[in-house]
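>>> here you go, sequence then predicted model.
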Amino acid sequence: MPLLRKIEIFLNETDMPWTRFGRLAVRDPRFVQDLRNGRQPGERVARRAEHFMILWRADHAA
C-alpha cells in the first residue's frame, strides 16, 4: 500500500490534522500536503512516518 494511502487512513482513524501528523512524524508540517502534490519521500523519511503511525497506534490502543 502506498505511504500516502496509509497516512490518509491513519488520519481518518485518529482524526489528527495533517499538519500535526507531519510535524510529529517527520518534523515537517507540510509533509502530507507535499505527498498529496506528488512528493516522493526518501526511504528514511518514509520509515519515520510509518514508525510514528505504529507507535501512535500502540500507545493509543484501547
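Good, I have the coordinates.
>>> what helices or strands is the host helix or strand of F52 leaning on?
According to DSSP states H and E, F52 maps onto helix 43-59. Counting contacts by 3 or more C-beta pairs under 8 Å, 6 or more residues apart in numbering; DSSP states H and E, helix 43-59 packs against helix 3-14, helix 18-26. All C-beta spots, glycine's among them, are computed from the backbone N, C-alpha and C.
>>> report the distance from the last one to the chain centre.
A distance of 7 Å separates the C-alpha centroid of helix 18-26 from that of its chain, computed with C-alpha atoms, centre = their mean, to the nearest Å.
>>> residue ranges with poor pLDDT in the chain?
Applying pLDDT under 70 to the chain picks out residues 62.
>>> count the residues that sit near the nearest residue to D34 once chain neighbours are set aside.
The shortest distance from D34 to any non-neighbouring residue, by C-beta to C-beta, 6 or more residues apart in numbering, is to D28 (7.7 Å). Per other C-beta atoms under 10 Å, the neighbour tally for D28 reads 17.
>>> switch to numbering from 69
Okay, residue one is now 69; in that scheme the one you just asked about reads as D96.
>>> pretty sure W86 sits against L103.
No - when contacts are counted by C-beta atoms under 8 Å, W86 is not listed as touching L103 (9.3 Å).
>>> who touches both of the two?
I75 (C-beta atoms under 8 Å, 6 or more residues apart in numbering).
>>> neighbour count for these two, which is higher?
L103 (21 against 17).
>>> that one and L71 touch, don't they?
Yes - under the criterion of C-beta under 8 Å, L103 makes contact with L71 at 7.0 Å.
>>> please point out which parts of the helix holding F120 sit buried.
113-114, 116-117, 120-121, 124 (16 or more other C-beta atoms under 10 Å).
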